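Asker: Sequence first, predicted coordinates after that:
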Amino acid sequence: MKPGQIIIFLSLVLVLYSAINLFIFLRLRQAMSGLGGLKPVLITAWLVWALAYPLGRILEGFSHNGFSKILIVTGSVYLAVMASLFLLFLVSDLIQLILKLIPAASVRSAASSVKWPVVSGIVVTAVVLTSTLAGMWNAAFIRVRKLDLEVPKAVAGVRELRIAALSDTHFGTVLGRRHMEKVASRIREIDPDIILFCGDIFDEDLTEAAEQNVAAAIRALPARRGKFAVLGNHEHFHNPRKAVEYIRSAGVVVLEDSIATVADCIRIIGRKDRQAGIRMTVADLVQTLKPEDVRILLDHQPFHLEEAEKNGIDLQFSGHTHYGQLFPFNYITDRVYELSYGYLRKGNTHVVVSCGVGTWGPPVRTAGRTEVVGIRVRFTG
């Protein structure tokens, strides 16, 4: 992104962040009306938590240290709390408005009672804290989602291809080497021939990932026939060229509108991300390939799946959506994408979209599961 675009984007984010937290503050203050001397203590604790993330990012801009990391990690959890508080307080206010319109006097009286903000505030806060803790556990537990697919083509000397496919690792301040080790243990369960990284490998700049030597952990991953990657939108928010160099230093082939070959006729086709601006079409990428070639496409954002079908792609793997990550945003991703998570067969094309093995922002997942996808492709031609 250009400096001017970054300034505009950050300004809009700051205004929105402030407005949402002002609304939450007003509702929390109402809910704490009967707490006496405890009220200012709780409000102050909330305010510190709400400011932790932006303050941590500002401090990180000057120096990467333990204090800024603590602020960022604890503040990132608040981002999930903030989103849930905002939505549930809106729902509470809507319910109150509807109840006030009901003819029964007792219902209108209950909705108009001074106790409503207190009771609704307690219920909303309890639900949010409970769901956030459950979401943190869900995000931390990585599963292997297994798929068994058939491709009606022949590959000399190869009956099947085992793939460990992962997207949206988002390595950075929040998710680092420790998370990579957990990912590695799941990949070893798959015993892959190839490993596919489908973008958003890094959450931000490479400083934190480099300090924790994530490259060494990636280099140690087992893959008999190679590791391949494409960039996602997050790599383009900072320095995509440095990201490419770092990924290559980990022994991974980075594909930028280019093709790599495995076992003579298995073609790994990697597209540039939409965030890159100019990129080749799928049709242009495959024009030199033979019809009998096995075509595996990596495209970070799962838009226009019909392109893969029209151009003879056997398997497309994408990520990006996180399946919303936080409920109810998964319903929004379902409206935006033809496939926002899971598996879809389009003609002879297998399309797989992962909800990711990492998280963006808060290390919390209340929609979808943190996953590495294990794909067994059997060649039946």
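Answerer: Perfect, I can see it now. Since this is a predicted model, take the numbers as computed values, not measurements. Numbers count the residues shown, from 1 in each chain.
Asker: now the helices for the stretch 51-200 of the chain?
Answerer: In the stretch 51-200 of the chain, the segments counted as helices under DSSP state H, counting those that start in this stretch are 66-100, 105-112, 116-140, 177-190.
Asker: now what about the third one, what contacts it?
Answerer: Residues external to helix 116-140 that are found in contact with it (Cβ atoms under 8 Å, 6 or more residues apart in numbering): 27-28, 30-34, 77, 80-81, 84-85, 88-89, 92, 96, 110, 326-327, 359, 362-366, 369-370. Yep, even glycine has a C-beta here, placed from its N, CA and C like the rest.
Asker: Tell me the buried residues in it?
Answerer: Using 16 or more other Cβ atoms under 10 Å as the test for burial, helix 116-140 gives 116-118, 120-121, 124-125, 128, 131-132, 135-136, 138-139.
Asker: for the longest one, same thing?
Answerer: Along helix 66-100, the positions that meet the burial threshold by neighbour count (16+ other Cβ under 10 Å) are 68-69, 71-73, 75-89, 92, 96, 99.
Asker: other SSEs contacting it?
Answerer: helix 3-31, helix 38-62, helix 105-112, helix 116-140 (3 or more Cβ pairs under 8 Å, 6 or more residues apart in numbering; DSSP states H and E).
Asker: Contacts only, for residue 92.
Answerer: Contacts for residue 92 (Cβ under 8 Å, 6+ apart) come out as 120, 123-124.
Asker: JSON lines for the residues you listed, including distance to residue 13 and pLDDT?
Answerer: Listed next are the contacts of residue 92 as JSON lines, based on distance: Cβ to Cβ, whole Å; pLDDT from 0 to 100:
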{"residue": "120", "distance to residue 13": "28", "pLDDT": "88"}
{"residue": "123", "distance to residue 13": "29", "pLDDT": "93"}
{"residue": "124", "distance to residue 13": "24", "pLDDT": "94"}
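Asker: what's the closest of these to residue 381?
Answerer: residue 124 (57.1 Å; Cβ to Cβ).
Asker: quick one: pLDDT of the residue lying closest to that closest one once chain neighbours are set aside?
Answerer: Spatial nearest neighbour of residue 124, chain neighbours left out: residue 88 (4.5 Å); criterion: Cβ to Cβ, 6 or more residues apart in numbering. Looking at residue 88, its pLDDT reads 96.
Asker: how close does residue 88 get to residue 128?
Answerer: 6 Å (Cβ to Cβ, to the nearest Å).
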